[in-house]
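Chemist: here is the input, now give the coordinates:
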Amino acid sequence: MTPFRVLTWHVHGSYLDSLARTGHEFYIPTAVPPRAGYAGRWPEWGPNVVEVPEDQVRDLDVDLVLFQSRAAWEQDQHVVLSAAQRRLPRIYLEHDPPREHPTDTRHWVQDSDVLLVHVTHFNNLMWDSGITPTRVIEHGIAVADGVRWTGDLERGIVVVNDIATRGRRLGGDLFAAAREEIPLDLVGMHAEAAGGLGEIRRTELPRFAARYRFFFNPIRYTSLGLALIEAMLLGMPVVALATTEIPAVLKDGESAVLATDPRRLMAGMRRLLDDREHAAELGRAGREIAFERFSIKRFSADWTRAFEDVTGGPRDRRSIAATASRREPVEVAT
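Modeler: Numbering: from 1, shown residues only. This next block holds a predicted model:
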């Protein structure tokens, strides 16, 4: 496979981490000082993720543009991209369900020549996508090498960024109520503001979390969280609200503890704390689901197919490959 050359933005670092594992080349604009969407690459990404100063983006020779934010779609493309780049094949990756109204919000991308990719079937169902064709590409996550759930620490872990300021949608009130009765630790950006432990580096989080008896997801309304899937891949039992895509992935009593009644969730947490074998059974079932449904191999195949569909076929069989010899390499910005 000849890799596609994709211009995109650094909007969701964990998702871009998965994209970086697909084998394609991703060029991300950077700014000084850094700002949202222009923050640059993570150290652990390979050479196929290339930083480009924003004033040099218009000189890039790429195959397609992958938008990941409303700001990039409505504003940045008209400032940062050249006219020729704005005519390239385009994909818009929507990470979230509709915020304003869960069923009656029209997506801002209204263009029959753009492919609108949703990360869950729930999101695709709820957005009014209008004339824009859609596709669902579910998450794919790499398994942390040599890390497995042990559950020796008789506590639950919650992984949510900025839970103190993001309101009921992220379940800050549910976390606070559960913590009154259940031993829970919160990690994530600015977790200290809600009595948590603080932020754990993403590369260190799997090993840190694997000690906990269970993973608690208090979020009422969002996409299927990457942290939840990562917990499943460890073999960690999940306790979560039975909302959005989660009930289509996990089943209460068989592969997780799911409910819309917080009291039932807390009862499930107590049982997991009291019965480690039961916790292990749920964790094993969840891990099997995660390996089958959220593998990087499937994720890579789905994204390669999307790139081929919007550009007209595999890159090594299209005319753009003939122009590769005249492309000047772009150096990684430092």
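
Chemist: list the contacts for the residue lying closest to residue 143 once chain neighbours are set aside?
Modeler: Once flanking residues are discounted, residue 143 sits nearest to residue 233: 5.3 Å by C-beta to C-beta, 6 or more residues apart in numbering. C-beta: built from backbone N, CA, C; applies to glycine. By C-beta atoms under 8 Å, 6 or more residues apart in numbering, the contact list for residue 233 reads 141, 143, 144, 287, 290, 291, 294.

Chemist: need those residues in TSV with distance to residue 256, can you?
Modeler: Shown next, in TSV, are the contacts of residue 233 (distance: C-beta to C-beta, whole Å):
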residue	distance to residue 256
141	17
143	19
144	20
287	11
290	11
291	15
294	15
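
Chemist: most neighbours among those residues, which one is it?
Modeler: In terms of neighbours by other C-beta atoms under 10 Å, the contacts of residue 233 top out with residue 290 at 25 neighbours.

Chemist: thought that residue was touching residue 236?
Modeler: No. Counting by C-beta atoms under 8 Å, residue 290 stays clear of residue 236, with 10.2 Å between them.

Chemist: between the two, what contacts are shared?
Modeler: With C-beta under 8 Å, 6+ apart, residue 290 and residue 236 have no common neighbours.

Chemist: and the gap between residue 171 and residue 209?
Modeler: Residue 171 sits at a distance of 18 Å from residue 209 (criterion: C-beta to C-beta, to the nearest Å).

Chemist: repeat for residue 81
Modeler: Distance of residue 81 to residue 209, given as C-beta to C-beta: 39 Å.

Chemist: please, where are all the helices along the stretch 51-200 of the chain?
Modeler: 70-71, 77-80, 83-86, 121-126, 172-179 (DSSP state H, counting those that start in this stretch).

Chemist: burial count for residue 126?
Modeler: 19.

Chemist: mind listing the strands for this protein?
Modeler: Using DSSP state E, the strands of the chain run over 5-7, 25-30, 49-53, 64-67, 90-94, 114-118, 134-136, 153-159, 184-187, 212-217, 238-241, 257-259.

Chemist: verify the stated contact: residue 213 with residue 149.
Modeler: No. Here residue 213 does not reach residue 149: they are 9.1 Å apart, not a contact under C-beta under 8 Å.

Chemist: any idea which helix is longest in this structure?
Modeler: For the chain, the longest helix by residue count, based on DSSP state H, is helix 276-293.

Chemist: who does that one touch, helix- and strand-wise?
Modeler: Here helix 276-293 touches strand 212-217, helix 226-234, helix 262-274, going by 3 or more C-beta pairs under 8 Å, 6 or more residues apart in numbering; DSSP states H and E.

Chemist: now mean pLDDT too, for these, in a markdown table please.
Modeler: Converted to a markdown table, the helices and strands packed on helix 276-293 look like this (pLDDT from 0 to 100):
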| stretch | mean pLDDT |
| --- | --- |
| strand 212-217 | 98 |
| helix 226-234 | 96 |
| helix 262-274 | 98 |
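
Chemist: what's near enough to touch residue 23?
Modeler: Counting by C-beta under 8 Å, 6+ apart, residue 23 touches 1, 3, 48, 300, 304.

Chemist: now the residues you listed: which count as buried?
Modeler: Neighbour counting with 16 or more other C-beta atoms under 10 Å marks 3, 48, 300, 304 as buried within the contacts of residue 23.

Chemist: looks like the last one contacts residue 1 (just checking).
Modeler: Yes. Between residue 304 and residue 1 there is a contact under C-beta under 8 Å: 7.0 Å.

Chemist: give me the more crowded residue out of residue 171 and residue 209.
Modeler: Neighbours were counted for residue 171 and for residue 209 using other C-beta under 10 Å; residue 171 has more, 26 against 23.

Chemist: still on that earlier bit, deepest of the strands of the chain, which one?
Modeler: strand 212-217 (a mean of 27; mean count of other C-beta atoms under 10 Å).

Chemist: list the contacts of stretch 98-110.
Modeler: Stretch 98-110 has contacts (C-beta under 8 Å, 6+ apart) with 67, 70, 73-74, 92, 94, 116, 126-132, 221.

Chemist: domains in the protein, as residue ranges please.
Modeler: 5-140+295-326, 153-293 (automatic domain parsing).

Chemist: which stretches of the chain have low pLDDT?
Modeler: Applying pLDDT under 70 to the chain flags the ranges 317-334.

Chemist: mind running it again at 50?
Modeler: For the chain, applying pLDDT under 50 flags the ranges 319-334.

Chemist: circling back to that earlier point, quick one: which of the helices and strands packed on helix 276-293 is nearest residue 161?
Modeler: helix 226-234 (9.3 Å; C-beta to C-beta).

Chemist: okay, the closest one in PDB with CA atoms only?
Modeler: What follows is helix 226-234, C-alpha atoms only, in PDB (Å, rounded to 0.1, in the frame of the first residue of the first chain):
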ATOM      1  CA  LEU A 226     -11.500   6.000  24.300                       C
ATOM      2  CA  ALA A 227     -10.600   5.700  27.900                       C
ATOM      3  CA  LEU A 228     -13.400   3.200  28.400                       C
ATOM      4  CA  ILE A 229     -12.300   1.100  25.500                       C
ATOM      5  CA  GLU A 230      -8.700   1.200  26.800                       C
ATOM      6  CA  ALA A 231     -10.000  -0.100  30.100                       C
ATOM      7  CA  MET A 232     -11.800  -2.900  28.300                       C
ATOM      8  CA  LEU A 233      -8.700  -3.900  26.400                       C
ATOM      9  CA  LEU A 234      -6.900  -4.300  29.800                       C
END
